[in-house]
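Chemist: return a 3D structure for these sequence lines:
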Amino acid sequence: MNTTPFASGRHALMDAGRGFAILGILWLNIFIFALPLDAMGVPGIWGETMWGPIDPNVEVWRIIGVAVDGVMRGMISMLFGATALILLTRAERAGGGLAALDPWYRRQMALIGFGVIHAYLLLWPYDILYLYGLFGLFLFPVRNWSPRRLTVVALVMMVMSAIQGGEEISPLMSQRLEVRDTLSQQQLQENRQGEPLRQQIDPSGTDPETTQGITRPQAPDAGQAAGSEETQAPGDEAAQAEDPIQAMMDSIESEIIDRQQGYISNLVSLAPTSFQEQTSEVIVHHILDVYTIMLLGMALLKSGFLTGGWSLAAYRRVAVVGLATGSAVGWFTATRFADGSTAAWLSDSLLPYIYDIRRMGFALGFFSVIALLLAAGRARWLTDRLEACGRLALTLYIGQTVTCIILFYGFGFGLFGRLEHIQVAGIALAMTLVQFFAAPLWVKAFGQGLLERLLRRLVHGPAEPAAGTAARRKA
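Modeler: From the prediction side, this is the model:
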């Protein structure tokens, strides 16, 4: 009996996996577009919606932190490494010496250009295209490495990332640790009893010059420590300035004011972050994140994992072990244990060391589930649409950014800082469904996405007209 999911050809698993990841990455990115960074980590006191005993804001943020953060970027990075190997191998087999590699390097330069435009002009500092274009230039020397060597080097780099501070490559993880360091469980619980922070900071009533209309919660002991202006000691102002809750509120206030401005103001305020992400962060964090996973993707392609070359039993084992491991590790790091407890200390201490275990477990598990669905052929309504999304990945990715800046920033609908986490998730669901159902229609009608076509033109030049088209033109 044939135990492999499907024959070789166009790699359906790679297309469907890319589609799944490009739809999934929206579920993290949209929160960065929609909410102040400091507000993301406190869903329970930012919004007020409750479904009986369940706080949907907390639960949706927990799910994203466990199953989305870093996972989707990891899947895309694996696929980029695998695609790089396919293209480089194809170029070598075509002959022609170094000239055969020109399209590959033109492709990488084009991606770098797309990444710069995406980060600066489209206001998304956490762009991945620039990194893929840059690191792709350094995949050629390792193309002939064995799967074992690629895997070993990738694992060593993951360990280096953990030692260096692996959680810092994720804005969500960094924010989670900052909230834990800033607010005790008692402070969070006390603030939950009052008015939600989202309503205490009203962007529509904010004067950018005076910040009039903004109120801030006080720390639990602030009322006892505060005095009138006449009786306040000289050191009181400094003490208030160091108050962590005050600092968090000031940061939220400042970011809301920035994002509610026009396009030029947003471009100017986000440019320093974009510059940092595409310069110093490349060396400090991204090379140990993105390039590492690219190497792993090359190894997985050579092993047959990403092309359906493994047995169904092997994919089942990877699916079960990967998703179980990712879920267990994710739950452990996402749970807020009692302050000062051993579990809390372990969770915070181990976070940078098990970050990659969680996201790689989920990434490999998701790929395996998709492989099994493709093999069964019983969910074509799902896998066919995921494949179409994968073939339009570049267009969908940039389209998500354009949609988000129009929805959330001040030069559009100005929803930044106005929504709860569950409301942002609702918008993410709507955008996902639109892309999920529209992508197959576009592929059927046009074959390629707009940006995929532009990239191909930049790499290979204008396409030659088909014979039938040329004949019609002559007629």
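
Chemist: poorly predicted segments of the protein, please.
Modeler: In the prediction, the chain carries residues with pLDDT under 70 at positions 1-10, 165-245, 336-340, 463-475.

Chemist: report all helices and strands that the helix or strand hosting Ser368 contacts.
Modeler: Ser368 is part of helix 342-376 when elements are defined by DSSP states H and E. Taking 3 or more CB pairs under 8 Å, 6 or more residues apart in numbering; DSSP states H and E as contact, the helices and strands that helix 342-376 lies on are helix 12-34, helix 71-94, helix 147-165, helix 171-182, helix 312-334, helix 380-391. Glycine gets a C-beta too; all of them are placed from N, C-alpha and C.

Chemist: switch the cut-off to 6 Å
Modeler: Counting contacts by 3 or more CB pairs under 6 Å, 6 or more residues apart in numbering; DSSP states H and E, helix 342-376 packs against helix 12-34, helix 71-94, helix 147-165, helix 312-334.

Chemist: and for the residue lying closest to Thr292 once chain neighbours are set aside, the neighbour number?
Modeler: Counting by CB to CB, 6 or more residues apart in numbering, Thr292 lies nearest to Met157, which is 4.1 Å off, once chain neighbours are set aside. The burial count assigned to Met157 is 19, neighbours taken as other CB atoms under 10 Å.

Chemist: so Met157 sits right up against Ile287, yeah?
Modeler: No - in this structure Met157 lies outside contact range of Ile287 using CB atoms under 6 Å: 8.1 Å.

Chemist: one step back: buried residues in the helix holding Ser368, which are they?
Modeler: By neighbour count with 16 or more other CB atoms under 10 Å, helix 342-376 contains the buried residues 344, 347-348, 351-352, 354-375.

Chemist: now that helix, how far from the centre of its chain.
Modeler: Averaging C-alpha coordinates over helix 342-376 and over its chain gives two centres that are 15 Å apart (CA atoms, centre = their mean, to the nearest Å).

Chemist: report the angle between the axes of that helix and helix 147-165?
Modeler: Direction vectors for helix 342-376 and helix 147-165, defined by axes from the mean of the first three to the mean of the last three CA atoms, to 10 degrees, enclose an angle of 150 degrees.

Chemist: against Asp127, how distant is Tyr120?
Modeler: For Tyr120, the distance to Asp127 equals 9 Å [CB to CB, to the nearest Å].

Chemist: more crowded one of those two?
Modeler: Between Tyr120 and Asp127, Asp127 has the larger neighbour count (other CB under 10 Å), namely 23 against 17.

Chemist: CA atoms of the host helix or strand of Leu454 as PDB?
Modeler: For Leu454, the element it lies in under DSSP H and E is helix 450-460. These are the backbone C-alpha positions of helix 450-460, laid out as PDB (Å, rounded to 0.1, in the frame of the first residue of the first chain):
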ATOM      1  CA  LEU A 450      -0.700  41.700  -8.600                       C
ATOM      2  CA  LEU A 451       2.500  41.800  -6.600                       C
ATOM      3  CA  GLU A 452       3.500  38.300  -7.600                       C
ATOM      4  CA  ARG A 453       3.200  39.400 -11.200                       C
ATOM      5  CA  LEU A 454       5.300  42.600 -10.400                       C
ATOM      6  CA  LEU A 455       8.000  40.500  -8.700                       C
ATOM      7  CA  ARG A 456       8.200  38.200 -11.700                       C
ATOM      8  CA  ARG A 457       8.500  41.100 -14.000                       C
ATOM      9  CA  LEU A 458      11.300  42.600 -11.900                       C
ATOM     10  CA  VAL A 459      13.100  39.300 -11.900                       C
ATOM     11  CA  HIS A 460      12.600  38.000 -15.400                       C
END
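
Chemist: show me what that helix is in contact with.
Modeler: Helix 450-460 is touched from outside by 103, 106-107, 110, 394-395, 398, with contacts defined as CB atoms under 6 Å, 6 or more residues apart in numbering.

Chemist: of all the residues in that helix, which ones are buried?
Modeler: Residues 451-452, 455-456, 458-459 are the ones in helix 450-460 that count as buried (16+ other CB under 10 Å).

Chemist: any idea which of those residues is closest to Phe138?
Modeler: For these, the closest approach to Phe138 (CB to CB) belongs to Val459, at 18.6 Å.
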